[in-house]
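*Asks:* Predicted structure and sequence below. I'll ask about it afterward.
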Amino acid sequence: MPRPLALASLLLVLPACADSTAPSDGVDWTPVTDVLLINPRSLPNYAAQPLPVYYAGAVTREVQFPINNPPTNALATLGRVLFFDVQLSRTATVSCASCHHQALGFGDSAQFSLGFDGVRRTSAHSMRLGNARFNQSGMYFWNQRATSLEVQTTQPIMDGVEMGFDTAHGGFQALIGRMEGLAYYPPLFRLAFGDEVGVTEGRVRKALAQYVRSLISVNSRWDAAFAQVHDGSSLVLDLLAPLPGFTAQELRGRDLYMRAKPEGGLGCQGCHVAPSFSINGATRSNGLDAGETRVFRAPSLKNVALSKRFMHDGRFTSLEEVVEFYNSGIQDGPALDVRLRDTAGAPQRLNLSAADKAALAAFLRTLTDLSVTTDPRFATPFRP
């Protein structure tokens, strides 16, 4: 039977600092409101979003906010504008959102995303961004070359293929010069930072990071069902409780996902950790290629079913292909995670039945959260 709802209905609230969302009198906001669908005197809530009570362990265990970048609604709003602004590319043709589409869980349908010149493409598939703030390792990009979201956010802008403000074309300073000529940015930076300093790379990093951190997924079918069975005590035990509204196939897939191999499951939960379904910080290579020495970071599995491509190079085109890879395709290499080896040390061969493979894919589809893909807070702020 479902657990009592009393505790399950409680919410946590993400930490927030005092937020100056009410601009001082006398400020001319016309340059902002003429271009943007933003009311500077009534900003959306980014900084204090409620979380279900079962996220309590995730919030304390997983990465939160850097000490020098506390969340505010004004800062995340600025980040939203930056994220969708094509002026951040050298040709004013692409933005961060060009490769990270809200409707796709902030990923891309293309295997490799088209760069600012309309010809060249990225060398890696664009990763989904939902629940990025719960990344346990604190490292970003597929190859984990960025040590924080702040460090990650401006690298695409200065990439010679992605957005074009590389060293040969003036670097970030050239972009600053452009932004200072855009009338809507000075008031937004003043609102976010409370001074007249204006645009700096560090401030752009902070704002973009806060917007990306606000892309939180807690409204999937799995979340709605789990909220009814979690009583606030043992997250681990409740992960195996019967879930109301789930089909027999989805429950079978959930059991395969959550149970460890000795218990008849597949141990997926050991690497992609509920409730955020973000990657465990200690996870190593998944054996995509033989002899692999690199360890790739993976995104949260929330909204994985909205993706059109999978893995760092986008080689798979369906969840079924991904499941089959873990069933029969893992390759050996020095970086292969020990949890993907059998008792003899060889790459695992699960020998799943067709029914079990379909069940696992069905469970992964319950992690779809359309609220993230339709929430106006996360949509383009630019007027048509």
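*Replies:* Great, that's in hand.
*Asks:* Settle this for me: residue 207 is touching residue 73, isn't it.
*Replies:* No. Assessed by Cβ atoms under 8 Å, residue 207 is found out of contact with residue 73, at 11.6 Å. For every residue, glycine as well, the C-beta is placed using N, CA and C.
*Asks:* where's residue 51 relative to residue 223, distance?
*Replies:* Distance, residue 51 to residue 223, using Cβ to Cβ, to the nearest Å: 10 Å.
*Asks:* So for the two, which sits in the more crowded spot?
*Replies:* Higher neighbour count among residue 51 and residue 223: residue 223, with 20 against 17, using other Cβ atoms under 10 Å.
*Asks:* give me the element the more buried one is part of.
*Replies:* According to DSSP states H and E, residue 223 maps onto helix 221-229.
*Asks:* for the helix or strand following that helix, packing partners?
*Replies:* Following helix 221-229 in sequence order, the next helix or strand is helix 235-238 (DSSP H and E). Where contact means 3 or more Cβ pairs under 8 Å, 6 or more residues apart in numbering; DSSP states H and E, helix 235-238 is not packed against any helix or strand.
*Asks:* Buried residues, helix 235-238. List them.
*Replies:* 235, 238 (16 or more other Cβ atoms under 10 Å).
*Asks:* How is the chain divided into domains?
*Replies:* If you go by automatic domain parsing, the domain ranges for the chain are 13-216+371-378, 221-370.
*Asks:* can I get those domains in CSV with mean pLDDT and distance to residue 384?
*Replies:* Listed next are those as CSV, based on pLDDT from 0 to 100; distance: least, Cβ to Cβ, whole Å:
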stretch, mean pLDDT, distance to residue 384
domain 13-216+371-378, 92, 9
domain 221-370, 96, 23
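*Asks:* Give me the contact list for stretch 206-213.
*Replies:* By Cβ atoms under 8 Å, 6 or more residues apart in numbering, the residues outside stretch 206-213 that reach it are 46-47, 65, 69, 71-72, 75-80, 82-83, 96, 129, 132-133, 148-150, 152-154, 192.
*Asks:* what about it, distance to the chain center?
*Replies:* Relative to its chain's centre, stretch 206-213 lies at 11 Å (Cα atoms, centre = their mean, to the nearest Å).
*Asks:* Please apply the same query to stretch 226-241.
*Replies:* Offset of stretch 226-241 from its chain centre (Cα atoms, centre = their mean): 24 Å.
*Asks:* mind listing what's buried in it?
*Replies:* Within stretch 226-241, the residues that qualify as buried are 226, 227, 228, 229, 230, 231, 232, 235, 238, 239, 240, 241, counting by 16+ other Cβ under 10 Å.
*Asks:* Ends of it, what's the gap?
*Replies:* End-to-end distance for stretch 226-241: 8 Å, by Cα to Cα, to the nearest Å.
*Asks:* so which of the buried residues of stretch 226-241 comes closest to residue 257?
*Replies:* Nearest to residue 257 among those: residue 239, at 9.1 Å, using Cβ to Cβ.
*Asks:* dump the residue contacts of the nearest residue to that closest one once chain neighbours are set aside.
*Replies:* Nearest residue to residue 239 in three dimensions, chain neighbours excluded: residue 258, at 4.8 Å (Cβ to Cβ, 6 or more residues apart in numbering). When contacts are counted by Cβ under 8 Å, 6+ apart, residue 258 touches 239, 240, 265, 268, 269, 274.
*Asks:* before we move on, what about residue 203?
*Replies:* Counting by Cβ under 8 Å, 6+ apart, residue 203 touches 189, 192, 193, 197.
*Asks:* buried subset of these?
*Replies:* Buried members of the contacts of residue 203, scored by 16+ other Cβ under 10 Å, are 189, 192, 193.
*Asks:* So the first one belongs to a helix, correct?
*Replies:* Just to be clear, that refers to residue 189. Yes. Using DSSP: H, G, I helix; E, B strand; the rest coil, the assignment for residue 189 is a helix.
*Asks:* Tell me how far the residue lying closest to it once chain neighbours are set aside lies from residue 80.
*Replies:* Nearest non-adjacent residue to residue 189, counting by Cβ to Cβ, 6+ apart: residue 198, 5.4 Å away. Counting by Cβ to Cβ, the gap from residue 198 to residue 80 is 18 Å.
*Asks:* re the thing from before, so residue 207 and residue 73 - more neighbours on which side?
*Replies:* Counting neighbours by other Cβ under 10 Å for residue 207 and for residue 73 shows that residue 207 has the greater number, 28 against 23.
*Asks:* What strand or helix carries residue 57?
*Replies:* helix 56-61.
*Asks:* picking up where we left off before, identify the farthest-apart pair in the contacts of residue 203.
*Replies:* Once Cβ to Cβ is applied, these give 192 and 197 as the farthest pair, at 10.7 Å.
*Asks:* what's the burial count for the closest residue to residue 379 other than its chain neighbours?
*Replies:* Closest residue to residue 379 apart from its sequence neighbours, by Cβ to Cβ, 6+ apart: residue 102 at 6.0 Å. For residue 102, the neighbour count with other Cβ under 10 Å is 21.
*Asks:* Test my guess that residue 102 contacts residue 381.
*Replies:* No. With contact defined as Cβ under 8 Å, residue 102 does not count as touching residue 381 (12.0 Å).
*Asks:* In the stretch 101-250 of the chain, what residue spans correspond to helices?
*Replies:* Ranges of helices in the stretch 101-250 of the chain, per DSSP state H, counting those that start in this stretch, are 149-153, 171-180, 185-193, 201-213, 221-229, 235-238, 248-258.
*Asks:* For residue 366, find the nearest of these.
*Replies:* For residue 366, the closest of those is helix 221-229, at 4.4 Å, according to Cβ to Cβ.
*Asks:* Please name every helix or strand in contact with the closest one.
*Replies:* Right, helix 221-229 is packed against helix 5-8, strand 50-52 by 3+ Cβ pairs under 8 Å, 6+ apart.
*Asks:* Distance check, the nearest residue to residue 137 once chain neighbours are set aside against residue 136.
*Replies:* Leaving aside its chain neighbours, residue 137 sits nearest to residue 281 (3.9 Å; criterion: Cβ to Cβ, 6+ apart). Using Cβ to Cβ, we find residue 281 at a distance of 3 Å from residue 136.
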